[in-house]
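Trainee: Dropping the sequence and predicted coords here.
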2 protein chains.
Amino acid sequence: MQPFIFRNPTKVIFGKNAADRLPQELAAFGERVLLVYGGGSIKRTGLYDRLVRHLTQSGKKVFEVPGVMPNPRTEKVYEGIAICRSEKIDLVLAVGGGSVIDCSKMIAAGALLDGDFWEELFLNGKSLERSLPLGVILTMPATASEMNGTAVISHWEGNRKLGYADPLLHPYFSILDPVLTMTMPREQVVFGAVDMMSHVFEQYFSPPDDNNLTDELAEGLLRNIRLNLDASLADLRDYQARSNLMWDGTMALNGLLRLGKKGDWQAHKIEHALSAWYDIPHGAGLSIVHPNLLFYIRREAEAKLARYAEKVWGICPQDRTQEEMAFAGLKAMRAYFDSIGAPATLGEVGIPEEAVRDIAYSVSSAEDAGYRALDRRDVYEILKQSLTRREGLPR
Amino acid sequence: MQPFIFRNPTKVIFGKNAADRLPQELAAFGERVLLVYGGGSIKRTGLYDRLVRHLTQSGKKVFEVPGVMPNPRTEKVYEGIAICRSEKIDLVLAVGGGSVIDCSKMIAAGALLDGDFWEELFLNGKSLERSLPLGVILTMPATASEMNGTAVISHWEGNRKLGYADPLLHPYFSILDPVLTMTMPREQVVFGAVDMMSHVFEQYFSPPDDNNLTDELAEGLLRNIRLNLDASLADLRDYQARSNLMWDGTMALNGLLRLGKKGDWQAHKIEHALSAWYDIPHGAGLSIVHPNLLFYIRREAEAKLARYAEKVWGICPQDRTQEEMAFAGLKAMRAYFDSIGAPATLGEVGIPEEAVRDIAYSVSSAEDAGYRALDRRDVYEILKQSLTRREGLPR
């Protein structure tokens, strides 16, 4: 097993009505709390009132940053930083999915930073010396931001969507109440699950392949996401399925799946470029890009694709070559994304052919590559191949 | 998925020569370090000299508790507590396997405790308010004590071997250098792996069985332990196999496998009674008790034993009843323990028939039971059945 350093200090409180444990968790922090949330669904569902009641009964003074949208932008971060500084905020409390959490992470970090957060952290790659404490109440499982130290922010004018990671960005606590995910629209459940699967792919489809536990864990996760996504889509009120899916999302990117693996993250980088130009849902972009990327690098990834076909899809390797197994795995992946209603082509999300070149050339370089590092021409090819649905899998 | 709270703050530094990262980890702590270690193998291998060099070059003043033996006893804990108090120790540094780490945990906790550690913590179950920081350099993978908050200590005169758990017992850092495990005798490699497998069994063979990821992770671990134990026993110098096995041991009991599961721990309780009376290796006791216990509760555990046979041993369920599958799983478990040279009967570890009743009646009650809670008569039956090898599996 390759060397690694692992530490994940986030406290996870998981279960039905876990949100009502908020007062116990709040006790450790000061009284000035910045509540960060999204488009208002937490008001429609009554969650907002419930949390504000917990906060005020715990003696907290509540400030707010509402309106954080998918692909959260720098402007919202600046808005939150300004409140943290003027109101001397003690705790940032994110209520929502990955976008709200990522935005909250950068508010918490930016508030105590000398200089501009985008320039210092995202462009110059500076390490954090401190950050305001962050708590999370998760309402949409997908990104695992609730149990990692990563944030992805979009700079809309610059067409940049970039990630930043620092150990200090780990939430102090994350409350995972599966009941809160029950009001998600079907499409968000699908895109969330695609994001989870893509996180697993990025780590699984990378060297070394040396029989360490991490690949077993990745395969187990992929099987479990599928099982519980299918059950969830058959009945969105299936608590067992929704709760299992919620924990799957956290486990897909809480650091365990990278241990001993090189990792890849090129599909995510390409998707970030798509979102930075066209503001499409992250899961939709990944559903288009990831299978096409793996098809493009199929020769380098062949042995692992063959293993994927067998272990995740139960395809029998007997009487099949490794190449045939790899193709079978790729076909199963696309067929599954089709079956859950996730898109296969750029046209389905409104990205035209003429945009492909600009997008390809804005993808940041791939130093984290797994089986094969892609240059901009490769990315251009993958995006061109993502314009139309491939009938069959040509050689 | 059932509710849970999870937090594991231990920093793991894993890899070849990870021990040389000790100075970086030491920087965060004061200068007075208590080095706790075992029977002297770290002196023979040169590890002791290497660590003392790191410590002194880091400006640390080193105190020592040598001679911690397997099934560590209260006396050694008292010895360490006395030094911590008189020498104002800043950091306890455990170098060894689970016994050394567990002893070190109780030294670290006991040093800051009002009252007697055995009485207050093990007998009265008091929670910790504070504990000295603990660092670990692991030389024997087995117990996962390097990444959890549990310690098991033996009170020899009272024939009690008891466990105690508290979040404050998590090590601050644990250095996992697979090279350091290369000098383990073959028998310790085997017993360590049996302990890992038994940790997985305790959590896997328990309700609920609701398609959550934890069971997938448990099955992956069991397959991976077997794969890498076989490779290790074929060549004890196989770094890949030994390093994979090392991480398997940590993952088997760092808290992830309990999530959403009730857990059992009755086999461990019975084994603790065996060790408390006869000071046998923990892994040897588990190899005898665990298959017999699962055979004894085979009706209640039948569905899970059948799943175990299929997922861990690849036994095809076609044309087999669930009962036949469960038997096949039990047979495979015992046959595997036989193949690695782990004992099957109490006689092999020198425990006579006439001791069985006393041992059975000293097992603490089983409030943590999984599929079936055992009373003392059940434990007595299991131990009687552990006296002789069962030929075939009678109904």
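Mentor: Ah, there it is.

Trainee: Could you check how far the nearest residue to residue A:340 once chain neighbours are set aside is from chain B?
Mentor: Closest residue to residue A:340 apart from its sequence neighbours, by CB to CB, 6 or more residues apart in numbering or on different chains: residue A:190 at 5.1 Å. Where C-beta positions appear, they are placed from N, C-alpha and C, glycine not excepted. Remark: distance between residue A:190 and chain B (CB to the nearest CB, to the nearest Å) = 19 Å.

Trainee: Please list all residues in contact with residue A:94.
Mentor: A:36, A:37, A:100, A:101, A:103, A:104, A:105, A:134, A:135, A:136, A:137, A:171 (CB atoms under 8 Å, 6 or more residues apart in numbering or on different chains).

Trainee: at 6 Å what do you get?
Mentor: For residue A:94, the contact set (CB atoms under 6 Å, 6 or more residues apart in numbering or on different chains) comprises A:36, A:100, A:101, A:104, A:136.

Trainee: For the second one, which three-state class applies?
Mentor: Each residue gets one of three states, and residue A:100 gets helix by DSSP: H, G, I helix; E, B strand; the rest coil.

Trainee: follow-up on the earlier one: in what helix or strand does the residue nearest to residue A:340 lie?
Mentor: helix A:186-204 (DSSP states H and E).

Trainee: I'd like to know how many residues surround the residue nearest to residue A:340.
Mentor: When neighbours are defined as other CB atoms under 10 Å in any protein chain shown, residue A:190 has 23 of them.

Trainee: isn't it right next to residue A:338, touching?
Mentor: No. Residue A:190 is beyond contact range of residue A:338, at 11.4 Å (criterion: CB atoms under 6 Å).

Trainee: picking up where we left off before, now for the contacts of residue A:94: which two are most distant?
Mentor: A:36 and A:136 (9.8 Å; CB to CB).

Trainee: now the helices: where do they sit in the stretch 151-300 of chain A?
Mentor: Ranges of helices in the stretch 151-300 of chain A, per DSSP state H, counting those that start in this stretch, are A:186-204, A:213-234, A:239-252, A:266-278, A:282-296.

Trainee: Include mean pLDDT when you put the ones you listed into a markdown table, please.
Mentor: Formatted as a markdown table, these follow (pLDDT from 0 to 100):
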| stretch | mean pLDDT |
| --- | --- |
| helix A:186-204 | 98 |
| helix A:213-234 | 98 |
| helix A:239-252 | 98 |
| helix A:266-278 | 93 |
| helix A:282-296 | 97 |
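
Trainee: Relative to residue B:242, tell me which of those helices wins on proximity.
Mentor: Per CB to CB, nearest to residue B:242 of the helices of the stretch 151-300 of chain A: helix A:213-234, 13.6 Å.

Trainee: buried residues in that closest one?
Mentor: For helix A:213-234, a neighbour-count test (16 or more other CB atoms under 10 Å in any protein chain shown) marks A:213-229, A:231-233 as buried.

Trainee: what does stretch A:322-340 give?
Mentor: For stretch A:322-340, by 16+ other CB under 10 Å, it's A:325-334, A:336-337, A:340.

Trainee: same thing with stretch A:152-164?
Mentor: Judged by neighbour count (16+ other CB under 10 Å), stretch A:152-164 contains these buried residues: A:152, A:153, A:154, A:155, A:160, A:161, A:162, A:164.

Trainee: Name the nearest of the residues you listed relative to residue B:119.
Mentor: residue A:164 (50.2 Å).

Trainee: Would you point out which residue is most central in chain A?
Mentor: When CA atoms, centre = their mean is applied to chain A, the residue found nearest the centroid is residue A:143 (2.6 Å).

Trainee: So that one is in contact with residue A:96, correct?
Mentor: No. Counting by CB under 6 Å, residue A:96 is not a contact partner of residue A:143; they are 10.7 Å apart.

Trainee: Looking at chain A, which strand is longest?
Mentor: Using DSSP state E, we find that the single longest strand of chain A is strand A:4-14.

Trainee: Would the helix or strand that it is followed by count as contacting chain B?
Mentor: Using DSSP H and E, the helix or strand that follows strand A:4-14 towards the C-terminus is helix A:22-26. No. Residues of helix A:22-26 contacting chain B under CB under 6 Å from any CB of the partner chain: none, with a closest distance of 10.3 Å.

Trainee: Paired strands for the helix or strand following helix A:22-26, with orientation please.
Mentor: Following helix A:22-26 in sequence order, the next helix or strand is strand A:32-37 (DSSP H and E). If you go by DSSP bridges, strand A:32-37 pairs up with strand A:61-65 (parallel), strand A:91-96 (parallel).

Trainee: Dump the helix holding residue A:190 to CSV, keeping only the CA atoms.
Mentor: Extracted C-alpha coordinates of helix A:186-204, given in CSV (Å, rounded to 0.1, in the frame of the first residue of the first chain):
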residue,chain,number,x,y,z
ARG,A,186,-36.1,13.3,-8.3
GLU,A,187,-33.6,15.0,-10.6
GLN,A,188,-31.5,16.1,-7.7
VAL,A,189,-31.5,12.6,-6.2
VAL,A,190,-30.2,11.4,-9.6
PHE,A,191,-27.5,14.0,-10.0
GLY,A,192,-26.4,13.6,-6.4
ALA,A,193,-25.9,9.9,-6.9
VAL,A,194,-24.0,10.5,-10.2
ASP,A,195,-21.7,12.8,-8.3
MET,A,196,-21.1,10.1,-5.7
MET,A,197,-20.4,7.5,-8.3
SER,A,198,-18.1,9.9,-10.1
HIS,A,199,-16.2,10.6,-6.9
VAL,A,200,-15.6,6.8,-6.6
PHE,A,201,-14.5,6.6,-10.2
GLU,A,202,-12.0,9.3,-9.8
GLN,A,203,-10.2,7.4,-7.1
TYR,A,204,-10.9,3.8,-8.2
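
Trainee: contacting residues around it?
Mentor: Under the contact criterion CB under 6 Å, 6+ apart, helix A:186-204 has outside partners A:140-142, A:218, A:221-222, A:225, A:229, A:232, A:248-249, A:252-253, A:257-258, A:261, A:263-265, A:281-284, A:286-287, A:290, A:340-342.

Trainee: Grab the nearest non-local neighbour of the residue in the stretch 51-200 of chain A that chain B sits nearest to.
Mentor: Residue nearest to chain B within the stretch 51-200 of chain A: residue A:178 (7.4 Å; CB to the nearest CB). Once flanking residues are discounted, residue A:178 sits nearest to residue A:243: 3.7 Å by CB to CB, 6+ apart.

Trainee: same question, residue A:146
Mentor: Per CB to CB, 6+ apart, closest to residue A:146 is residue A:174, 4.0 Å.

Trainee: For that neighbour, give its distance to residue B:257.
Mentor: Using CB to CB, to the nearest Å, we find residue A:174 at a distance of 20 Å from residue B:257.

Trainee: Residue A:356: neighbour count?
Mentor: Counted with other CB under 10 Å, residues neighbouring residue A:356 total 20.

Trainee: Mind telling me what element it is part of?
Mentor: In the assignment (DSSP H and E), residue A:356 maps to helix A:356-361.

Trainee: other SSEs contacting that helix?
Mentor: helix A:376-385 (3 or more CB pairs under 6 Å, 6 or more residues apart in numbering or on different chains; DSSP states H and E).

Trainee: Now do the buried residues in the helix it packs on.
Mentor: A:378, A:379, A:380, A:381, A:382, A:383, A:385.

Trainee: for chain A, which spans come out with low pLDDT?
Mentor: Along chain A, segments meeting pLDDT under 70 span A:365-368, A:391-395.

Trainee: how does it divide into domains?
Mentor: A:11-181, A:186-385 (automatic domain parsing).

Trainee: how about these in JSON lines, adding distance to residue A:5?
Mentor: Formatted as JSON lines, those follow (distance: least, CB to CB, whole Å):
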{"stretch": "domain A:11-181", "distance to residue A:5": "10"}
{"stretch": "domain A:186-385", "distance to residue A:5": "10"}
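
Trainee: Please consider this matter closed, and thank you.
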